[in-house]
Each structure stands twice: as C-alpha cells, then as structure tokens.
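Visitor: following is a predicted model, sequence given first.
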Amino acid sequence: MTTSAAEIELEPDPDDAPEFRPKRWPYGEMLISSLLSLLASFVLSVDAIVLAANPDAELSCNINAQISCGAVAASWQANLFGWPNAFLGLIAEPVVITIAILGLAGTRFPRWFLLAAQFVYTLGLIFALWLFYQSYFNINAMCPWCLLVTATTILVWTSMTRINIEAGNFGQGVRRALTPALSYHADIYGSILLIAVLGAMVILKYA
C-alpha cells in the first residue's frame with residue numbers, strides 16, 4: 001500500500017514558521033527605562049559642560065568623596081572616546097524611545113533591524129557594566145546618575161532580548177527552547193537580581 005504525499009506529515013521548516021507578534025509590555029518597559037536613561041544622560045552632559053568651564057564646580061550629586069559625579073567625571077574612563085560618555089546616551093536613547101513607541105503602536109520591525117538593535121545595545125550593556133566596574137574598583141567613587149543609566153540599560157537590554165526571542169529572530173529553535181523560561185518571567189527576575197547585586201555592592205562598600 002502506497003502513501004500519497006498529501007498524507008505524509010512533514011516537519012515544518014523553521015524558516016516558514018508564522019510570524020510571531022511580541023507582547024507590547026516589553027516596549028512599555030523599554031520606553032520608561034530609556035526615558036529615565038535619557039534624563040540621566042542629559043544631566044550628566046550638562047554637568048560635563050559645567051566641569052569643562054570650571055573644574056572646581058560643585059555638582060548637585062556630589063554627596064561625599066565616594067558618591068560623587070564630579071569625581072567620576074574627572075576620570076579618563078568618563079571620556080573614553082574623547083568626549084563625555086553621556087553624549088552617547090543623548091544619541092542612543094532617542095533611537096530606543098522611537099523603537100519603543102513604534103512597538104507600542106503595533107509596528108512590526110524587520111528581523112535584521114531588531115537584530116542590529118540587539119547587537120548595538122549589547123555593546124551598550126557591556127560598556128555600562130565596564131563603567132560600573134571601573135567606578136567601583138578603580139575610580140573608587142560612584143555617580144548616582146551613572147548608576148541609573150546602568151540599571152536602565154540592563155532593563156532595556158532584557159526587554160529587547162525578550163522581543164527578539166518571542167519574534168523568533170534568533171531562530172525558531174532558540175524561541176522554542178526559551179519560551180518556557182520567558183513564561184515564568186525568568187528574564188525579569190534575572191535583570192532585577194543583577195540590579196540588586198550591583199546595588200548591594202554599592203551599599204556594602206560605601207554605606
């Protein structure tokens with residue numbers, strides 16, 4: 001007895017999988033976090049201009065020798081590319097805000113666009129964590145606004161990663177493997193845990 005081709009159940013091709021629409025709440029989290037990061041970047045940029053005009057200026061976030069935006073801003077790490085790092089936030093965060101607003105409006109982004117955004121923001125996350133490391137271990141001073149940028153960068157990266165996973169942009173195999181963890185909000189708990197660990201490190205060292 002022969003079996004017709006129509007009766008044979010074929011394994012679906014991952015490339016032919018239906019398009020998945022990510023949930024919209026990650027875009028809302030991205031919007032709030034990126035707005036806070038933009039605010040912090042703006043304040044830090046203004047402070048950098050003030051310090052450029054008067055290196056002895058007292059900034060409002062100079063609480064003591066250890067919690068001091070001025071001490072961090074005076075370091076070479078704060079001007080890694082030849083200008084204040086805060087200027088990068090003024091460039092990057094409006095892009096993230098635009099993506100978040102369009103995502104909330106239901107825009108379906110091309111796969112290449114979201115993967116490019118993921119790559120660039122992953123570099124941003126690495127840079128933010130590197131700056132935290134430098135402040136904590138080498139500069140021995142912490143900037144409150146910089147800490148806010150670090151926290152919001154972690155949150156934005158987490159939401160962007162969830163969006164790409166749910167959309168299948170990393171591949172359908174990755175989506176199927178990680179969907180159970182996302183259903184339990186492992187990404188959210190993981191980002192909160194990381195932020196809590198960083199916060200505890202600051203408290204234990206400077207409190």
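Guide: The structure has been received and is ready for your questions.
Visitor: how about low-confidence regions in the protein?
Guide: Judged by pLDDT under 70, the chain has its weakly predicted residues at 1-22.
Visitor: how far is the strand or helix carrying Val46 from where the chain is centred?
Guide: Taking DSSP states H and E as the definition, Val46 sits inside helix 25-53. What separates the centre of helix 25-53 from the centre of its chain is 12 Å, taken as Cα atoms, centre = their mean, to the nearest Å.
Visitor: now stretch 192-207
Guide: 18 Å.
Visitor: for Met142, give me phi and psi.
Guide: Here is the backbone geometry of Met142 (degrees, to the nearest 10): phi -120, psi 140.
Visitor: Phe170 too?
Guide: The phi/psi pair for Phe170 (degrees, to the nearest 10) is phi -90, psi 0.
Visitor: could you look up the SS state of the nearest residue to it once chain neighbours are set aside?
Guide: With sequence-adjacent residues excluded and distances taken as Cβ to Cβ, 6 or more residues apart in numbering, Phe170 is closest to Asn164, at 5.9 Å. (Glycine included, C-beta is placed from N, CA and C.) What DSSP: H, G, I helix; E, B strand; the rest coil gives for Asn164 is helix.
Visitor: and Asn164, what does it touch?
Guide: Contacts for Asn164 (Cβ atoms under 8 Å, 6 or more residues apart in numbering) come out as Leu114, Leu115, Gln118, Phe170.
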